[in-house]
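Participant: My questions concern the predicted model and sequence given below.
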Amino acid sequence: MRRVVITGLGAITPIGNSTEEMWESVKAGKCGIDKITHYDTTDRLVTLAGEVKNFDKETVASKPELRKMDDYTVYALGAATEAVNDSGIDFSKEDTMRCSCIVSSGIGGLTTIQRECLRGEEKGFDKVSPHFIPMSISNMAAGHIAIRFGLHGMCTSVVTACASATNAIGDGFRHIRDGYSDICVCGGSEASITPFGIGGFSAMKALSTATDPARASIPFDAERGGFVMGEGAGILILEEYEHAKKRGAKIYCEIAGYGATCDANHVTAPLEDGSMAAACMENAMKDAGVKPEEVNYINAHGTSTVLNDKGETRAIKRAFGEHAYKLMVSSTKSMTGHMLGASGAVEAVITALAVKNNIVPPTVNYQVKDEECDLDIVPNKARNAIINCAMSNSLGFGGHNATILFRKAE
């Protein structure tokens with residue numbers, strides 16, 4: 001089978017508006033969670049989020065273009081531009097029928113949906129923006145990226161809640177490995193920090209109501225009480241190995257395996273025994289031909305909810321046996337918050353850099369041990385360690401589980 005490598009990275013996140021800035025924040029254990037500024041939180045239960053900060057949207061598109069794009073699309077397009085530039089690919093010299101784009105969003109243009117609903121109620125629904133539909137649908141980030149770079153291969157958007165971006169990367173990996181494309185621009189984007197978005201997750205008791213940013217997104221900590229919403233985008237350029245080598249591309253690492261399963265259990269609650277999440281990890285290892293003891297690090301889904309972190313810990317133990325206690329495991333959501341459909345992509349970017357640089361990201365703001373989450377979660381400080389093989393997990397509402405496996409490119 002054809003090998004697939006990562007040759008370009010792009011990120012816009014609560015801890016940095018570029019891959020380099022984000023990675024420096026990861027190494028420093030910087031937390032990007034703070035008080036919500038996108039709207040007035042007076043008398044609201046949830047007041048904290050991981051917002052993108054000081055981002056100039058006009059670096060991505062002109063003012064007239066921006067009026068036709070939801071923020072989730074702007075973030076995706078910005079991260080994609082960085083990733084393409086980082087890869088050094090000149091699409092004018094490529095067979096663009098063999099260049100695909102798989103970029104996901106869990107929710108899509110929620111900012112636009114909320115604004116236009118309010119406008120319709122006030123002025124009548126025949127007066128909503130003519131751009132409402134193309135701004136709000138979840139596939140439009142992928143569409144805009146394909147338009148900008150002239151990508152004529154498959155262009156699609158996987159929607160599997162918080163597993164969306166990991167499925168997008170895994171599907172892109174298979175699309176190249178199986179010979180349908182040579183290059184795939186893939187990842188995810190989200191911009192749902194709105195009164196509507198926060199209110200919906202708050203009503204279902206999924207969000208942290210903490211007021212201290214240092215005690216809000218605290219994965220695997222015994223005092224965790226819900227996730228913190230984040231926003232932004234992560235984009236990766238996947239490329240067939242021989243194609244990348246022929247053009248002299250720099251290679252971050254290889255994507256070697258992909259697993260996807262479904263709990264088929266509940267619309268929001270994960271299986272308590274972690275059996276299907278474990279099967280997902282096992283499938284990724286089998287796909288890559290990797291033994292459990294060869295995996296050094298897992299970037300966990302680690303949402304900071306009681307059920308997820310406990311269930312994911314059980315899943316890791318089930319998939320890895322005694323080796324689970326030798327693994328390094330961390331949740332970078334402790335720094336970024338939970339970026340929903342973008343989370344898997346940003347965590348994939350971070351995991352690729354961890355493999356490339358032999359630096360394990362920390363789980364920051366960890367204080368109180370939970371006996372049911374007793375793995376090595378790399379608390380508070382990044383760690384220097386050899387990482388030959390790493391995983392990134394994403395688990396989404398609806399029971400969607402996705403795992404991608406990275407290894408050093410030889």
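Facilitator: Good, I have the coordinates. Numbering: from 1, shown residues only.
Participant: so how many other residues sit close to P270?
Facilitator: Taking other CB atoms under 10 Å as the neighbour definition, P270 ends up with a count of 26. Where you see a C-beta, it was placed from the backbone N, CA and C, and this is true even at glycine.
Participant: same thing with E282?
Facilitator: Under the criterion other CB under 10 Å, the count of neighbours that E282 has is 18.
Participant: again, but for A11
Facilitator: Applying other CB under 10 Å, we find 32 residues neighbouring A11.
Participant: Can you work out which other helices and strands pack against the helix or strand containing F201?
Facilitator: Using DSSP states H and E, the secondary-structure element containing F201 is helix 195-203. If contacts are counted by 3 or more CB pairs under 8 Å, 6 or more residues apart in numbering; DSSP states H and E, helix 195-203 sits against helix 110-123.
Participant: residues in contact with A80?
Facilitator: 10, 103, 145, 148-149, 185, 187, 233, 235 (CB atoms under 8 Å, 6 or more residues apart in numbering).
Participant: Next, the nearest residue to G274 once chain neighbours are set aside: phi, psi?
Facilitator: Setting aside the residues directly before and after it, G274 is nearest to A315 in space (CB to CB, 6 or more residues apart in numbering), at 3.0 Å. Here the main-chain torsion angles of A315 (degrees, to the nearest 10) amount to phi -60, psi -40.
Participant: Next: D70.
Facilitator: Phi and psi for D70, reported as degrees, to the nearest 10, are phi -70, psi 160.
Participant: just checking, it touches E116?
Facilitator: No. Using CB atoms under 8 Å as the test, D70 is too far from E116 to be in contact (10.4 Å).
Participant: okay, and the common contacts of these two?
Facilitator: A shared contact of D70 and E116, defined by CB under 8 Å, 6+ apart, is any residue touching both; here these are S136.
Participant: Now do the contacts for the nearest residue to G50 once chain neighbours are set aside.
Facilitator: The shortest distance from G50 to any residue other than its chain neighbours is 2.9 Å, reached at G337 (CB to CB, 6+ apart). Contact analysis of G337 by CB under 8 Å, 6+ apart lists 14, 32-33, 49-50, 217, 227-230.
Participant: Out of those, flag the one nearest to G78.
Facilitator: Taking CB to CB as the measure, P14 is the one of these closest to G78, at 14.3 Å.
Participant: Now that closest one. Nearest residue, chain neighbours left out?
Facilitator: Closest residue to P14 in three dimensions, ignoring its sequence neighbours and counting by CB to CB, 6+ apart: G32, at 3.1 Å.
Participant: Touching, the one you found and A11? I think so.
Facilitator: No. Applying CB under 8 Å, one finds G32 not in contact with A11, separated by 11.9 Å.
Participant: hey, C-alpha coordinates of the single longest helix found in the chain in PDB?
Facilitator: Among the segments of the chain that qualify as a helix by DSSP state H, the longest is helix 71-87. The C-alpha atoms that make up helix 71-87 are tabulated as PDB, following Å, rounded to 0.1, in the frame of the first residue of the first chain:
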ATOM      1  CA  ASP A  71     -16.100  32.700  11.000                       C
ATOM      2  CA  TYR A  72     -15.700  28.900  10.900                       C
ATOM      3  CA  THR A  73     -15.000  29.200   7.100                       C
ATOM      4  CA  VAL A  74     -12.600  32.100   7.700                       C
ATOM      5  CA  TYR A  75     -10.600  30.100  10.300                       C
ATOM      6  CA  ALA A  76     -10.500  27.100   7.900                       C
ATOM      7  CA  LEU A  77      -9.300  29.200   5.000                       C
ATOM      8  CA  GLY A  78      -6.700  30.900   7.100                       C
ATOM      9  CA  ALA A  79      -5.300  27.600   8.500                       C
ATOM     10  CA  ALA A  80      -5.400  26.000   5.000                       C
ATOM     11  CA  THR A  81      -3.400  28.900   3.500                       C
ATOM     12  CA  GLU A  82      -0.800  28.500   6.200                       C
ATOM     13  CA  ALA A  83      -0.600  24.700   5.600                       C
ATOM     14  CA  VAL A  84      -0.300  25.000   1.800                       C
ATOM     15  CA  ASN A  85       2.400  27.600   2.200                       C
ATOM     16  CA  ASP A  86       4.200  25.500   4.700                       C
ATOM     17  CA  SER A  87       4.100  22.500   2.400                       C
END
